[in-house]
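Peer 1: Here is a sequence with its predicted model. Questions after.
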Amino acid sequence: MFINWKHREINLKIVYYGPALSGKTTNLQYIHAKTNPNIRGDLVSLKTRGDRTIYFDFLQLELGQIAGLKPRFNLYTVPGQVYYVGSRKLVLQGADGVVFVADSQWNRMQANTEMIRNMEHDLREMGHNPHTIPLVLQCNKRDLPDAAPVPLMRQQFGRNGAPCFESIATQGNGVFDTLKAIINLVVNQAQQRI
Ligand SMILES: Nc1nc2c(ncn2[C@@H]2O[C@H](COP(=O)(O)OP(=O)(O)O)[C@@H](O)[C@H]2O)c(=O)[nH]1
Ligand SMILES: [Mg+2]
């Protein structure tokens with residue numbers, strides 16, 4: 001959370017985290033396609049090459065008000081590939097909330113499990129408490145025939161009481177339900193901290 005008192009803006013960071021190809025970028029593409037251009041910026045996909053590769057997607061939304069301040073929600077995705085561990089940590093830095101995009105296909109359960117572990121580890125390393133940071137679970141790719149049951153996924157990848165949504169990001173199903181849920185959690189926590 002970063003407040004610019006001069007401009008009365010509050011910047012909030014939401015990170016879409018999950019294994020490679022689970023549908024994180026597709027979520028942002030759908031949000032970008034369906035929101036009014038007056039309240040959103042461009043969808044930017046960045047790949048920087050230096051001594052370190054930083055790779056993520058970024059989309060900014062301006063919605064509503066919090067305590068008289070104008071909130072800007074900065075949505076990021078992390079790259080899921082194993083070798084982008086540095087990017088994932090950097091993107092998680094300062095996160096106000098996380099959406100874990102799980103891939104529902106049976107053969108991706110191991111990848112989901114590994115990424116949940118990475119997420120908890122990276123959150124701790126970046127100074128967050130993985131048990132209290134606002135978190136929403138999205139079970140994506142529900143259209144595929146080999147999708148694992150949602151209760152099982154919720155048990156494996158969800159946190160106690162964390163909202164869980166089924167989605168088909170390519171069709172937009174569940175994308176805004178997920179976004180609204182994480183925004184609600186993040187706004188509630190921000191209001192308590194201001
Ligand atoms: N069948 C199906 N494919 C999806 C769904 N969501 C994303 N995809 C596809 O999965 C692939 C990876 O998606 P992408 O958003 O790039 O994954 P990322 O690596 O998590 O950013 C793409 O080919 C998407 O079209 C879904 O709900 N159902
Ligand atoms: Mg991506």
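Peer 2: Sure, I can see it. Numbers count the residues shown, from 1 in each chain. Ligands and ions are numbered 1, 2, ... in the order given.

Peer 1: any low-confidence regions in this protein?
Peer 2: 48-54 (pLDDT under 70).

Peer 1: now the helices: where do they sit in it?
Peer 2: For the chain, applying DSSP state H gives helices covering 24-34, 85-92, 109-125, 150-157, 175-193.

Peer 1: can you list those helices in a markdown table and add mean neighbour count?
Peer 2: Quick note: C-beta positions are derived from backbone N, CA and C, even for glycine. Compiled in a markdown table, those are given as follows (neighbours: other C-beta atoms under 10 Å):
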| stretch | mean neighbour count |
| --- | --- |
| helix 24-34 | 20 |
| helix 85-92 | 19 |
| helix 109-125 | 17 |
| helix 150-157 | 15 |
| helix 175-193 | 18 |
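
Peer 1: between these, which one is nearest to residue 63?
Peer 2: When the helices of the chain are compared by C-beta to C-beta, helix 175-193 sits nearest residue 63, at 7.2 Å.

Peer 1: Show me how far that closest one is from its chain's centre.
Peer 2: Centre-to-centre, helix 175-193 and its host chain are 11 Å apart (C-alpha atoms, centre = their mean, to the nearest Å).

Peer 1: Same check on stretch 81-96?
Peer 2: The answer for stretch 81-96 is 12 Å, by C-alpha atoms, centre = their mean.

Peer 1: That one: end-to-end distance?
Peer 2: 23 Å (C-alpha to C-alpha, to the nearest Å).

Peer 1: So which residues make contact with it?
Peer 2: 1-2, 12-15, 17, 20, 52-56, 76-79, 98, 118-119, 122-123, 125-126, 128, 133-134, 186, 189-190 (C-beta atoms under 8 Å, 6 or more residues apart in numbering).

Peer 1: and those, which are buried?
Peer 2: 1, 12-15, 17, 55-56, 76-79, 98, 118-119, 122-123, 128, 133-134, 186, 189-190 (16 or more other C-beta atoms under 10 Å).

Peer 1: if we can go back for a sec, can you tell me which of the helices of the chain comes nearest to residue 62?
Peer 2: helix 175-193 (12.0 Å).

Peer 1: Just the angle for that closest one relative to helix 24-34, thanks.
Peer 2: Using axes from the mean of the first three to the mean of the last three C-alpha atoms, to 10 degrees, the inter-axis angle of helix 175-193 relative to helix 24-34 is 90 degrees.

Peer 1: elements contacting helix 175-193?
Peer 2: strand 9-17, helix 24-34, strand 70-77, strand 97-103, strand 135-140, strand 164-166 (3 or more C-beta pairs under 8 Å, 6 or more residues apart in numbering; DSSP states H and E).
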